[in-house]
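**Q** Got a predicted structure here, sequence first:
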Amino acid sequence: MPLLVMKFGGTSVADLERIKNAAQKVKREVERGYDVIVIVSAMSGKTNELVGWVEATSPLFDAREYDAVVASGENVTAGLMALTLQEMDVPARSWQGWQVPINTTAQHSSARFVDIPRKNIDTKFAEGMRVAVVAGFQGLSPEGRITTLGRGGSDTTAVAFAAAFDAERCDIYTDVDGVYTTDPRITSKARKLDKIAFEEMLELASLGAKVLQTRSVELAMRYKVRLRVLSSFEDTDEKSGTLVCDEDEIMESKVVNGVAYSREEAKITLVTVEDKPGISAAIFAPLAEAGVNVDMIVQNISEKDYDDHPGNVTDMTFSCPVNQVARAKKAMEEAKAAGQIAYDDLVVDTEVAKVSVVGIGMRSHAGVAAHMFKALADENINIKVISTSEIKISVLIDRKYMELAVQALHDAFELEQA
């Protein structure tokens, strides 16, 4: 029989009534002729509760025991989902990560997939099981210990199973009904997309769109797993939601397909850095070692008087998440104290936001940047930093103008039109 993977997030299985609602969607797919692998998250709020218990018990906790506790949330949901399906006369069994087994690396709380052997689940399908309910977010280390996969682990689990079992599709059920051109809370003109390319979705996910986790999209793109994003709380059919697929499946894409934003950005500038070979490595290596996620980088002529600084000097500006500013400052101060770099001042601006336009159509169309910059200029929005890729243009602006910028760009590229 054809096989479908269905994933239900925490809000979709938050209580017994919602588990029953999700089970009805699974039963419908079984009645359409599919064998189904269901991936479930822990009930909404349960993982945070379990993490809290671990931290209250042992502030310097053993990561192996942390995983053993935190993974239990998904086990509960898997068992309840299987029981609910059985009550609906659907042959179903729950599976924990070690029972599949989901083989992972040994990095506890941030493990990565090694392989997912099909034999155990395929045997049960052959014996008449129609639904395998698998606990997401967890796996088995080479030492035989439970591991967890970190943020977005259940989405990634679903994609990995779809790839391993050659699933026809991987349906991700969540609390939104698809992928939109931008956040509908910012502009009522936001339009749900019928299809979006893997690369576009990857950019949107990395830029802050919370519909899918970056790791899951990366894996789907690598193995050509067709993803569909659907709402758990609406009646759905085969045309519902948004299909995330290969570019070849999209007849013709708009130049820009979405506007993304991130509020939690900060801009850091090192003033009057010596402009010489190796200075960038001297700055960004300590930041990397400190775990600072540097995004946009600009090097420009220093505003300081050259007479005070014989030789070439420059200002180096970069952005990072606002919650990593303290870590970045410490890394730069330590590098300066160790004589690795020299600068006159370190200036931090935590009142900025990143706004981006994304679209695979940019590859074949000129003038997107000019159109974007004019739309922002018309609203008197000043651009602080710019970065580009083949299918994305991002700008750093004052945070107070973020929503205005999103609305202006959505209108400028006429994204409300299909």
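**A** Happy to help now that I have it.

**Q** quick one: contacts for the spatially most central residue of the chain?
**A** Among the residues of the chain, the one closest to the centroid is Gln213, at 2.5 Å (C-alpha atoms, centre = their mean). Counting by C-beta atoms under 8 Å, 6 or more residues apart in numbering, Gln213 touches 151-152, 155-156, 205. Heads up, the C-betas are built off the backbone N, CA and C, glycines and all.

**Q** May I see the domains of the chain written out as residue ranges?
**A** When the chain is parsed with the TED database, its domains come out as 3-248, 259-417.

**Q** Which of those domains has the highest mean neighbour count?
**A** domain 3-248 (a mean of 19; mean count of other C-beta atoms under 10 Å).

**Q** I'd guessed Thr269 sits against Leu346; true?
**A** Yes. At 7.4 Å, Thr269 counts as touching Leu346 under the criterion of C-beta atoms under 8 Å.

**Q** Centre of the chain to the helix or strand bottoming out on mean pLDDT in the chain, how far?
**A** Ranking every helix and strand in the chain by mean pLDDT, DSSP states H and E puts strand 297-301 at the bottom, with a mean of 82. Here strand 297-301 is found 28 Å from its chain centre; the criterion is C-alpha atoms, centre = their mean, to the nearest Å.

**Q** helices or strands next to it in the packing?
**A** The contact analysis (3 or more C-beta pairs under 8 Å, 6 or more residues apart in numbering; DSSP states H and E) places strand 297-301 against strand 313-321, strand 385-389.

**Q** Contacts made by that strand with the rest, please.
**A** Contact with strand 297-301 is made by 280, 284, 314-318, 385-387, as judged by C-beta under 8 Å, 6+ apart.

**Q** Could you do stretch 85-97 as well?
**A** With contacts defined as C-beta under 8 Å, 6+ apart, stretch 85-97 is touched by 23-24, 26-27, 30, 71, 75, 78-79, 81-82, 121, 124, 128-135, 138-140, 146-147.

**Q** same thing but at 6 Å, please
**A** Residues outside stretch 85-97 that contact it (C-beta atoms under 6 Å, 6 or more residues apart in numbering): 23, 27, 30, 75, 78-79, 82, 128-135, 138-140.

**Q** Quick one: the strands in the stretch 101-250 of the chain, in order.
**A** Counting by DSSP state E, counting those that start in this stretch, the stretch 101-250 of the chain has these strands, from start to end: 103-104, 113-115, 131-135, 138-140, 146-148, 169-174, 195-197, 227-231, 242-245.

**Q** and Tyr401, which of these is closest to it?
**A** Closest of the strands of the stretch 101-250 of the chain to Tyr401 is strand 195-197, at 26.7 Å (criterion: C-beta to C-beta).

**Q** Return the list of strands paired to that closest one, each annotated with direction.
**A** Looking at strand 195-197 with DSSP bridges, its partner strands are strand 242-245 (parallel).

**Q** Quick one: distance of the helix or strand that the strand it pairs with is followed by to the chain centre.
**A** Per DSSP states H and E, the first helix or strand lying C-terminal to strand 242-245 is strand 258-274. In terms of C-alpha atoms, centre = their mean, the centre of strand 258-274 is found 20 Å from the chain centre.

**Q** How about stretch 161-181?
**A** Distance of stretch 161-181 from its chain centroid, counting by C-alpha atoms, centre = their mean, is 14 Å.

**Q** pLDDT averaged over that stretch - what is it?
**A** Here stretch 161-181 scores 93 as its mean pLDDT.

**Q** just the CA coordinates of that stretch, formatted as PDB?
**A** In PDB, the C-alpha atoms belonging to stretch 161-181 read as follows (Å, rounded to 0.1, in the frame of the first residue of the first chain):
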ATOM      1  CA  PHE A 161      10.700   8.700   8.300                       C
ATOM      2  CA  ALA A 162       9.300   9.900   5.000                       C
ATOM      3  CA  ALA A 163      12.700   9.600   3.400                       C
ATOM      4  CA  ALA A 164      13.500   6.200   5.000                       C
ATOM      5  CA  PHE A 165      10.100   4.700   4.000                       C
ATOM      6  CA  ASP A 166       9.800   6.300   0.600                       C
ATOM      7  CA  ALA A 167       6.500   8.000   1.700                       C
ATOM      8  CA  GLU A 168       4.300   9.600  -0.900                       C
ATOM      9  CA  ARG A 169       4.200  12.700   1.200                       C
ATOM     10  CA  CYS A 170       4.900  14.100   4.700                       C
ATOM     11  CA  ASP A 171       1.900  16.000   6.200                       C
ATOM     12  CA  ILE A 172       2.800  18.400   9.000                       C
ATOM     13  CA  TYR A 173      -0.300  19.300  11.000                       C
ATOM     14  CA  THR A 174       0.100  22.400  13.100                       C
ATOM     15  CA  ASP A 175      -1.900  25.400  14.400                       C
ATOM     16  CA  VAL A 176      -1.800  27.300  11.100                       C
ATOM     17  CA  ASP A 177      -3.400  26.300   7.800                       C
ATOM     18  CA  GLY A 178      -0.300  26.700   5.600                       C
ATOM     19  CA  VAL A 179       2.600  29.000   4.600                       C
ATOM     20  CA  TYR A 180       1.700  32.600   4.000                       C
ATOM     21  CA  THR A 181       3.300  35.400   2.000                       C
END
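
**Q** circling back to that earlier point, can you list the strands that the least confident helix or strand of the chain pairs with?
**A** Strand pairing (DSSP bridges) places strand 297-301 next to strand 313-321 (antiparallel).

**Q** Next, report how far the strand it pairs with is displaced from the centre of its chain.
**A** Mean-position distance between strand 313-321 and its chain equals 25 Å (C-alpha atoms, centre = their mean).

**Q** Next, the angle strand 258-274 makes with it.
**A** Here strand 313-321 points in a direction 140 degrees away from that of strand 258-274 (axes from the mean of the first three to the mean of the last three C-alpha atoms, to 10 degrees).

**Q** Quick one: residues in contact with strand 313-321.
**A** Contacts for strand 313-321 (C-beta under 6 Å, 6+ apart): 264-273, 275, 292-300, 302, 328, 396.

**Q** For that strand, C-alpha coordinates in CSV please.
**A** This file holds the C-alpha atoms of strand 313-321, laid out as CSV (Å, rounded to 0.1, in the frame of the first residue of the first chain):
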residue,chain,number,x,y,z
VAL,A,313,41.5,51.3,9.5
THR,A,314,37.9,50.1,9.1
ASP,A,315,34.7,49.7,11.1
MET,A,316,33.3,46.1,11.2
THR,A,317,29.6,45.7,11.7
PHE,A,318,27.7,42.5,12.2
SER,A,319,24.3,41.3,13.4
CYS,A,320,23.4,38.6,15.8
PRO,A,321,20.4,37.5,17.9
